[in-house]
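# Task: produce atomic coordinates for the following.
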Amino acid sequence: MSHSHPPSRAELIRRASDLVPTLQRNSTSHEDERRLHDETIEALTAAGVFRMRVPARYGGYESDAGTLVEVAGALGRGDGAASWVTSVSWITTWMAGLFPDKVQDEIFASPDVRTCGTLSPSATAVTATDGFVVTGRWGFISGAPHSHWQVVIAMNPQQEGPPLPIMAIVPMTDLTIVDDWFTSGLRGTGSVTTVAEEVFIPRDRVLPLPAVLREQYGSQRNAASSIFRAPLIPTAAVSSVGTAIGLAHAARTAFLERLPDRKITYTDYPSQAEAPLTHRLLADAALRIDAAEFHARRLAELIDAKGEADEVWTTRERVGARADLGRSCQLAKEAVDILASASGGSSVYSSVPIQHIQRDIQAISLHALINPDTNLELYGRVLCDLEPNTLYI
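Numbering: from 1, shown residues only. Now for the predicted structure:
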């Protein structure tokens with residue numbers, strides 16, 4: 001099957017940037033409905049962003065890590081929820097590309113397929129003839145209301161030894177959605193809970209998670225592709241980080257748009273823009289955004305370089321990927337917090353974008369794989385020549 005050349009990085013960034021007005025217009029609907037507006041999904045689909053991690057033979061783009069960071073950043077300037085759902089879909093679509101090729105033929109029958117999933121093993125998989133029977137529930141399934149497939153993790157009990165975690169992929173029609181996404185941040189992501197009740201999963205749709213975490217994948221046809229040579233956790237990290245940077249840029253834009261008409265109440269400054277304190281805070285925020293971009297780009301450059309060279313990842317590089325993710329998001333959040341704190345009492349109105357931006361980036365920073373403190377501790381362990389205390393590297 002032949003396909004035309006995929007769009008360039010510049011073209012995909014342009015498409016994402018062109019969506020910003022639509023995403024901003026729909027952001028209130030996203031919050032109120034606790035899921036992305038159908039118009040948003042249609043616009044993202046038309047822009048091709050859901051194809052960015054689909055294998056090329058199915059009409060996908062196999063976009064590199066640097067492009068993911070830039071496109072997520074562009075989308076994040078419009079709406080954090082839309083960027084986050086897109087980022088999660090990149091992770092789970094990439095994970096779908098690890099399964100045996102005949103499974104991919106079914107998953108990617110449409111190149112605009114939408115996937116969702118989690119890395120949390122909160123279900124049980126009982127061995128059955130020719131497959132597994134899975135029962136359990138998974139929380140924080142971003143984009144589930146609009147998805148066609150879900151990547152799930154479950155624990156398979158063993159006769160001897162601890163349960164074995166497995167990774168599987170399931171049609172959304174086999175799962176039940178629980179509408180429980182009532183949150184303070186990332187409200188528009190539709191990150192609901194999904195439930196499996198004795199769902200049968202054929203054996204070829206299942207991979208052992210420990211093997212996946214060691215880059216032992218099930219696809220033969222994707223083995224030669226540079227994007228499918230990377231480890232799972234660094235891939236998830238680079239897929240996620242751009243959203244936080246986009247939100248930080250959105251906060252700076254929102255702050256500057258209100259600045260000319262804002263006074264500092266109970267002072268004689270006719271404009272907030274004339275106050276030296278404003279200069280200091282704005283510069284501090286801008287430099288933190290610059291530093292956040294440095295860590296995100298370093299992470300992307302490492303993934304792309306090692307994928308092209310087909311090099312083995314060291315433990316320090318794996319853990320460093322999480323450290324770059326955590327520090328980038330930390331710096332982006334600090335920039336948003338500085339600008340939000342300087343936005344005055346009127347910024348608490350829901351019509352002022354910066355309060356929405358701040359709640360979204362707060363939610364991102366609490367994610368278990370992103371949490372800056374957790375990632376600092378993990379990175380410090382490895383710098384002290386101690387073994388990582390997690391499989392998720």
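# If you average the pLDDT over the helix or strand hosting residue 355, what comes out?
Taking DSSP states H and E as the criterion, residue 355 maps to helix 353-365. If you average the pLDDT over helix 353-365, you get 97.
# Remind me what that helix packs against, helices and strands.
helix 20-33, helix 80-96, helix 232-258, helix 315-341 (3 or more CB pairs under 8 Å, 6 or more residues apart in numbering; DSSP states H and E). Where you see a C-beta, it was placed from the backbone N, CA and C, and this is true even at glycine.
# for stretch 93-110, the distance to its chain's centre please.
Remark: stretch 93-110 is offset 19 Å from the chain centroid, using CA atoms, centre = their mean, to the nearest Å.
# typo on my end, stretch 259-279
For stretch 259-279, the distance to the chain centre is 37 Å (CA atoms, centre = their mean).
# Show me what that stretch is in contact with.
342, 344, 345 (CB atoms under 8 Å, 6 or more residues apart in numbering).
# Report the buried residues of it.
Under the neighbour-count criterion of 16 or more other CB atoms under 10 Å, stretch 259-279 has 262, 264, 269, 272, 273, 278 buried.
# which stretch of helix or strand covers the last one?
Per DSSP H and E, residue 278 falls inside helix 276-309.
# buried sites along that helix?
Under 16+ other CB under 10 Å, the buried positions of helix 276-309 are 278, 281-282, 285-286, 288-289, 291-293, 295-297, 299-300, 302-304, 306-307.
# So what's the residue count around the nearest residue to residue 320 once chain neighbours are set aside?
The shortest distance from residue 320 to any non-neighbouring residue, by CB to CB, 6 or more residues apart in numbering, is to residue 379 (6.6 Å). Close neighbours of residue 379, defined as other CB atoms under 10 Å, add up to 20.
# related to what we said a few turns ago, touching the helix holding residue 355 from outside, list them.
24, 27, 31, 80-81, 84, 183-187, 240, 243-244, 247-248, 250-251, 254-255, 329-330, 332-333, 336-337, 339-340, 343, 347-350, 370-372.
# Now, of those, which are buried?
24, 27, 31, 80-81, 84, 185-187, 240, 243-244, 247-248, 250-251, 254-255, 329-330, 332-333, 336-337, 339-340, 343, 347, 370-372.
# How far off centre is stretch 354-368?
Distance, centroid of stretch 354-368 to centroid of chain: 13 Å (CA atoms, centre = their mean).
# show me where the stretch 101-250 of the chain has strands.
Here the stretch 101-250 of the chain has its strands, by DSSP state E, counting those that start in this stretch, at 115-117, 123-128, 131-141, 149-156, 164-171, 176-178, 192-202, 206-208.
# which of those is buried the deepest?
strand 115-117 (a mean of 28; mean count of other CB atoms under 10 Å).
# Please state the mean pLDDT value computed over that strand.
Mean pLDDT, strand 115-117: 98.
# and if you look at stretch 258-277?
Mean predicted confidence for stretch 258-277 is 89.
# Next, the distance between the ends of it.
16 Å (CA to CA, to the nearest Å).
# one step back: mind putting the buried residues of stretch 259-279 into JSON lines with secondary structure?
Listed next are the buried residues of stretch 259-279 as JSON lines, based on DSSP: H, G, I helix; E, B strand; the rest coil:
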{"residue": "262", "secondary structure": "coil"}
{"residue": "264", "secondary structure": "coil"}
{"residue": "269", "secondary structure": "coil"}
{"residue": "272", "secondary structure": "helix"}
{"residue": "273", "secondary structure": "helix"}
{"residue": "278", "secondary structure": "helix"}
